[in-house]
Structure formats: C-alpha cells, structure tokens
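Undergrad: Okay, structure incoming, though there's no sequence with it:
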C-alpha cells in the first residue's frame, strides 16, 4: 500500500535501530546516568504501542532504552462507570445503540456491551458516526444513540455528524460523548513524579487535528523533548532517534517527524467544528488515572437536543475497577502489561477483565497478540535484577 | 478506530454535501471531504490527492513531497548508522577501543 510499505522497509528500520543503539549511551552520559539505567521514552498513543509490538520493535531496541506505553487509547481509558452509563442507555426500550467495535468488550461493573447485546439490547457496530446518523434516518420510530469515543482524532467526525443532524432536523439521533483531549492528560502525567520520563513520542493523528503548537508547554515548562510521529515502524524509530538526539544535545523541543500528514497549525476546519459543537467538561474520569480537569468533551448547550446524557438522564456513575485489574498502573506506565497479576491468565482478549486487553490499541492486547515470549523473559529477568 | 488508512480520492460523489470516493487497497468507499476541502477551492481539485481516512472522514491530505523528504532523510540516517558501524568494526579488527556501547 502506498504511503505505508515504504515506511516498513527492513533496511531502513535496521539502520535506525543501529542509530538508536549508538545514541543511547551518549544520552546516558549526557544525563549522568549509570550504563544500566534505562532512558525512558513514553509513546503516548495506543496506535504507536500497537506498531511497536506488531513489528517487534521492542525486541530490536537496546535494553537500555525503555518505551513506556502511555494512556492514549480512548477505549482503554473508558472507566467502568461510563460503560455502565452506556449500558443503561442501550438497554432502554426503543433504543438502537451504535458504537465502534472496539468498545464492545470493555467490561462494566456487571457486563460489557457485548453481553448486553446477547441479552437482547439492540447494539450495532458502526464504522463511522455517519453510519449511526443513517440508521436514525432509516429508523425514525427508534432512538439512535452514537457512543462518541476518541481523542481529537475522531471527535471532529462526531461533531460534524451532530451539525449534519441539526441541519437536517433529525429528532431521533443523539451522542453519548466520551470524547477526550490530549493536553490535560499529558499535563497530568507530567505532574506524576514517579514516572520520571525522559521524553515523549507524540500522537500523530491527534496532532493532525490540533497541530504541534499545543505541546509547547511540555518542552518549555517541563524540559522534555516531544516528537510527533507517524504509525509505521520507520516513523516510530525515526521519532525515537529524534528524541534521543535532542537528549544527547541537551535540548528539549517539540518536533514533527510526521510532516507528510501533520501541519504545525493542525487542521483548522476540524478545530472549528470541534469548538462549535463541544466544550470541555469541568472534569472527567479516566480509568486508572482518576479525574482530570477539563479533559473530557460534552456537547454545548446549543446542541443539547443531540446530547444523550440529557435525553436519557444518564447517571454519570463513578465505579471502582475490578479488584484484580491493574489497568491503572499499566496506563500510567508504572508497570508493564505482563507484570499485572491477571495478564494472560484470567485476563485475555476473549475474556478481558481490564480495558487495556480489549482494544487492539491497548498495550495489554498488543503484548498478548504480538509479544515475543523471549523478550518478555529477558525484560522480566532484567527487572528482577534491577528493580 | 484511531488508526487512519491512506486512500486516494478518485471521484467526487456529492459536491453539496462534500462527499467523495476514496480508493484504499482496491476498496472504494464514500467519505466526507469536509475537513480537507479548502473553502476557496473546487472539490474536484482534490481528485488524485492522497488523504488519511479516519472513521469515514478524510482528516488530512498526505503531502507527497514531505513523504519523499522523510524517506530520503531516513535512507540517509540508515547509511550514516551503517558507516558508523563499519568504522567501529574496522576499529575493533585493528584492536582499537570501540566508540560504542561497552
């Protein structure tokens, strides 16, 4: 596939891996670290986590470089209470609940949307919010609720469909918004001192909408390099090289590896529809990270007619995770997926306990599906020696 | 959901509603071009352009010049790393201390 295969070229990737290997010791010296102390770079976005495992990058990189998997998977950060809210709407008579397939298996306190569907609720998997609006037009006697999920990447699509519904006067369409924004989340991570990250690989497709300017505080106030990256293996590796080069030179800047897609100012039309339809909530709950101020988006009062939270009097529940689940620590990068008590035993992609095992972009699912046992063993041994 | 796929805009379906047809790995689908349509530009000008498609929406056009530039830079980086490796191997063969990881 054009614009994909070129960035999967083996020789290119091997060259970049060699460059990473030569840069890491330089960075360690620059930062005054022991030769065994790893340099920690967080890839914020679940899409990058997926690429890292799918292409086996972790096994190719030196052990002294640790890629910390961040919370940028919107399905994984969906808290139990919001899943229960969704189920309470989906189970109402006359409702067609339209959702992306990724969210179906996320466990609520008692059941997932998939189990709810098995009990008779009319839950449909859609590829796009436009499909949900088409359902509403085709079924005027039913209430169609679209489960709005995602960061700034998918939120403009939801916003545009709300505007379309408004323009056409569709009375039986609404959105249950769980859309979230990246910067408040990054700020919350930077405020968590236990993480001690050295730099960030920034989310490519969120940045395609918001641009690179909003990340400036990461470099300016927190002195961490952030490089926005694409999603093919050569993209991720090049961004890693770019972060390491900055660290080796004692710099902290926002840079853009994904120039073919991301413009510095982002996509102004997408930003405009976002601002027209959505406003930040005072605070929003994230699985594992707790409540983060101004991190969630709800529909503005002007579009209240399309807000499922108002139409169905949603409880906005806040419920604890399953007690064996360590998604929170995984999402914060405090533990690796395989260090979780239930990873691969009680919790698998078929019967997930935590959300990180559900989405293909979740780090647990990525480890489970693509993780090489030899790498896990090697990392495990290393960590037992150097806690 | 968050992973976009690159597709080429092959036709305009509905000028009014800003819908176009994209082709991706041989599959054609109708997508919204609203987010990539310049206000003062005819939609037809987008035909032939590559775009990144997310949940039924073209969210960004792919800049082919930038794609080539990135690839050229990547190739250059690869060659540099290869040369550094060869230099190191040569130094080792001559019994000199290496400059890399120890």
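TA: Arrived safely, thanks for sending. Since we're looking at a predicted model, the values are computed, not measured.

Undergrad: From residue A:155, how far out is residue A:341?
TA: Between residue A:341 and residue A:155 the computed distance is 34 Å (C-beta to C-beta, to the nearest Å). No exception for glycine: its C-beta is placed from N, CA and C like everyone else's.

Undergrad: Among the two, which residue is more densely surrounded?
TA: residue A:155 (26 against 12; other C-beta atoms under 10 Å in any protein chain shown).

Undergrad: Which residue is the nearest non-sequential neighbour of that one?
TA: Closest residue in space to residue A:155, ignoring its immediate chain neighbours: residue A:179 at 4.1 Å, by C-beta to C-beta, 6 or more residues apart in numbering or on different chains.

Undergrad: tally of neighbours for that neighbour?
TA: Around residue A:179 there are 26 residues (other C-beta under 10 Å).

Undergrad: Looks like it contacts residue A:147 (just checking).
TA: No - here residue A:179 does not reach residue A:147: they are 10.4 Å apart, not a contact under C-beta atoms under 8 Å.

Undergrad: Please compute how far whatever helix or strand residue A:22 lives in lies from its chain's middle.
TA: Using DSSP states H and E, residue A:22 maps to helix A:10-31. On the basis of C-alpha atoms, centre = their mean, to the nearest Å, helix A:10-31 sits 26 Å off its chain's mean C-alpha point.

Undergrad: And for stretch A:136-143?
TA: 32 Å.

Undergrad: Check stretch A:347-355 too.
TA: Distance, stretch centre to chain centre, for stretch A:347-355: 17 Å (C-alpha atoms, centre = their mean).

Undergrad: That one and chain B, are they touching?
TA: No - figure legend: stretch A:347-355 not in contact with chain B (C-beta under 8 Å from any C-beta of the partner chain); closest approach 13.5 Å.

Undergrad: contacting residues around stretch B:41-52?
TA: Stretch B:41-52 has contacts (C-beta atoms under 8 Å, 6 or more residues apart in numbering or on different chains) with A:2-3, A:205, A:208, A:261, B:4-12, B:15, B:18, B:20, B:22, B:33, B:36-37, B:58-62, B:64.

Undergrad: Let's see that with 6 Å instead.
TA: The contact list for stretch B:41-52, computed with C-beta atoms under 6 Å, 6 or more residues apart in numbering or on different chains, reads A:261, B:4, B:6, B:8-9, B:12, B:15, B:36-37, B:58-62.

Undergrad: Show the buried residues in these.
TA: Buried residues within the contacts of stretch B:41-52, defined by neighbour count using 16 or more other C-beta atoms under 10 Å in any protein chain shown: A:261, B:4, B:6, B:8-9, B:12, B:36-37, B:58-62.

Undergrad: what about the residue in the stretch 101-250 of chain A that chain B sits nearest to, how many neighbours?
TA: Across the stretch 101-250 of chain A, the shortest distance to chain B (C-beta to the nearest C-beta) belongs to residue A:128, at 2.9 Å. For residue A:128, the neighbour count with other C-beta under 10 Å is 23.

Undergrad: Over to the one 4 residues further on?
TA: Look at residue A:132: counted by other C-beta under 10 Å, it has 27 neighbours.

Undergrad: and the helix or strand where it lies, what does it pack onto?
TA: Here residue A:132, judged by DSSP H and E, is contained in helix A:129-138. If you count contacts as 3 or more C-beta pairs under 6 Å, 6 or more residues apart in numbering or on different chains; DSSP states H and E, helix A:129-138 packs onto strand A:143-150, helix A:155-168.

Undergrad: who touches the residue of the stretch 101-250 of chain A closest to chain B in this structure?
TA: Neighbours of residue A:128 in contact, by C-beta under 6 Å, 6+ apart: B:55-56.

Undergrad: picking that back up, out of the buried ones among the contacts of stretch B:41-52, which one has the lowest pLDDT?
TA: Ranked by pLDDT, the buried ones among the contacts of stretch B:41-52 bottom out at residue B:4, which scores 84.

Undergrad: excluding its backbone neighbours, what's nearest that one?
TA: residue B:52 (4.1 Å).

Undergrad: before we move on, what SS does the one you found have?
TA: strand (DSSP: H, G, I helix; E, B strand; the rest coil).

Undergrad: can you tell me which of the buried ones among the contacts of stretch B:41-52 lies nearest to residue A:108?
TA: residue B:4 (28.7 Å; C-beta to C-beta).

Undergrad: What distance do you get for that closest one to residue A:63?
TA: 32 Å.

Undergrad: quick one: the strands in the chain?
TA: Going with chain A. A:39-45, A:65-72, A:95-99, A:122-125, A:143-150, A:173-179, A:199-202, A:226-228, A:254-256, A:278-280, A:283-286, A:290-293, A:297-299 (DSSP state E).

Undergrad: Sorry, I should have been clearer: chain B.
TA: B:5-14, B:19-24, B:27-32, B:50-54, B:57-61.

Undergrad: Would you mind listing the residues in contact with the most centrally placed residue in chain B?
TA: With distances taken as C-alpha atoms, centre = their mean, residue B:67 lies nearest the centre of chain B, 5.2 Å away. With contact taken as C-beta under 6 Å, 6+ apart, residue B:67 is in contact with residue A:260.

Undergrad: next one: residue A:214
TA: residue A:183.

Undergrad: Can you give me the separation between it and residue B:9?
TA: In terms of C-beta to C-beta, residue A:214 sits 28 Å off from residue B:9.

Undergrad: Read off the pLDDT value for the nearest residue to residue A:142 once chain neighbours are set aside.
TA: Sequence neighbours aside, residue A:96 is the residue nearest to residue A:142 in space, at 5.1 Å (criterion: C-beta to C-beta, 6+ apart). Per-residue pLDDT puts residue A:96 at 98.

Undergrad: picking up where we left off before, most packed of the helices and strands packed on helix A:129-138?
TA: Highest mean neighbour count among those (mean count of other C-beta atoms under 10 Å in any protein chain shown): strand A:143-150, with a mean of 27.

Undergrad: Strand partners (parallel or antiparallel) of that strand?
TA: With DSSP bridges as the test, strand A:143-150 is paired with strand A:95-99 (parallel), strand A:173-179 (parallel).

Undergrad: which residues are contacting the longest one?
TA: Residues outside strand A:173-179 that contact it (C-beta under 6 Å, 6+ apart): A:82, A:89, A:133, A:136, A:144-149, A:155, A:158, A:165, A:297-298, A:306, A:308, A:311.
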